[in-house]
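Participant: Prediction below, plus the sequence it came from.
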Amino acid sequence: MSISGVICDIEGTTSSISFVHKVLFPLSLQRLDSFLQLHAGDSAVREQLEALACRLYGSARPEGDLVALLTPVLRGYIEKDVKDTTLKWIQGKIWKEAFESGAVKGHVYPDVPAVLRTWYEAGISLFIYSSGSVEAQQLLFRYSEAGDLTPLFRGYFDTTTGGKRESASYAAIAHRAGIPPERLLFLSDVVEELSAARSAGLQTCLLLREGAPAPAGYSGPKAVDFTEVQQLFFR
């Protein structure tokens, strides 16, 4: 079955895990307090904090200032890499300031831009699906070390679509993309995500970046970079 669309994870797939965990996460941790203090009155920030408080406490929310209440929670989420939608939204806003000021450039592996362009020029629809917010995804590729790559992508998906280890998320992406699941290829470095995608009928490939070994028991397609993905699926 020929492939009409490719869905890419980010961490460990298009970009190094170390860039996210050693550059972006520490940056958001460093700037979290000042961002929340500065933007506490913004309606969009308030809405995100209210949603988090509702998820955490329901009707039993403690009294007091919402920023003071939730800042320690959000700091803990960053340190533990919790996939919370409010945290990801706030991180996206913090990173936006850093990317736009030129303080940070988005890392992409050297093989990624050329292969993405090859697929794009061949008429393959390209998508990103990551736990980071859609805004954060767009920033990474707009301000990447290889220049603005956003024109290559047709769409972006984050955890508002659903969890990355849930089969329904991939079915929803296929539906929104308007492409039959069996004509979509999902690339990720996480076996559980690939299993969920396969359950929804997608083709999959495990990325083994920087010498990473395949997990025990994994028998599906695997590649060390996008060039090898090209050789495996697009010959």
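Facilitator: Great, that's in hand.
Participant: okay, CA-based contacts and neighbour counts for the rest of this
Facilitator: OK.
Participant: domain ranges for this protein?
Facilitator: For the chain, the structural domains run 5-16+107-233, 20-101, going by automatic domain parsing.
Participant: okay, and for the protein, where does confidence drop off?
Facilitator: Under the criterion pLDDT under 70, the flagged ranges of the chain are 1.
Participant: longest helix of it?
Facilitator: Using DSSP state H, we find that the single longest helix of the chain is helix 85-101.
Participant: Name the residues of the helix or strand following that helix that come out as buried.
Facilitator: Where DSSP states H and E defines the elements, the next helix or strand beyond helix 85-101 is helix 112-121. For helix 112-121, a neighbour-count test (16 or more other CA atoms under 10 Å) marks Val112, Pro113, Val115, Leu116, Arg117, Trp119, Tyr120 as buried.
Participant: and the longest helix of the chain, what does it pack onto?
Facilitator: Counting contacts by 3 or more CA pairs under 8 Å, 6 or more residues apart in numbering; DSSP states H and E, helix 85-101 packs against helix 25-39, helix 43-57, helix 66-80, helix 134-142.
Participant: change it to 7 Å
Facilitator: Here helix 85-101 touches helix 43-57, helix 134-142, going by 3 or more CA pairs under 7 Å, 6 or more residues apart in numbering; DSSP states H and E.
Participant: centroid residue for this protein?
Facilitator: Central residue of the chain (CA atoms, centre = their mean): Ser130, 2.1 Å from the mean position.
Participant: Now that one. Its backbone dihedrals?
Facilitator: Backbone torsions of Ser130, given as degrees, to the nearest 10, read phi -140, psi 160.
Participant: list the contacts for it?
Facilitator: Going by CA atoms under 7 Å, 6 or more residues apart in numbering, Ser130 touches Asp9, Ile10, Phe157, Asp158.
Participant: Just put these in CSV and tack on secondary structure and distance to Lys164.
Facilitator: Below are those laid out as CSV (DSSP: H, G, I helix; E, B strand; the rest coil; distance: CA to CA, whole Å):
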residue, secondary structure, distance to Lys164
Asp9, coil, 10
Ile10, coil, 12
Phe157, strand, 10
Asp158, coil, 9
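Participant: Closest one of the residues you listed to Gln48?
Facilitator: Lowest distance from Gln48 to the contacts of Ser130 (CA to CA) belongs to Asp158, with 15.7 Å.
Participant: Just give the number of residues close to that closest one.
Facilitator: Asp158 has 21 neighbours, counted by other CA atoms under 10 Å.
Participant: My guess is it contacts Ile128. True?
Facilitator: No: counting by CA atoms under 7 Å, Asp158 sits too far from Ile128 to count as a contact (8.3 Å).
Participant: My guess is Leu194 contacts Thr204. True?
Facilitator: Yes: taking contacts as CA under 7 Å, Leu194 lies within contact range of Thr204: 6.0 Å.
Participant: Pro215 in helix, strand or coil?
Facilitator: Secondary structure state of Pro215, per DSSP: H, G, I helix; E, B strand; the rest coil, is coil.
Participant: and Leu185, what helix or strand is that in?
Facilitator: Following DSSP H and E, one finds Leu185 within strand 184-188.
Participant: May I see the buried residues of the helix or strand just after that strand?
Facilitator: Proceeding N to C from strand 184-188, the next assigned helix or strand is helix 191-199, under DSSP H and E. Within helix 191-199, the residues scored as buried using 16+ other CA under 10 Å are Val191, Glu193, Leu194, Ser195, Ala196, Ala197, Arg198.
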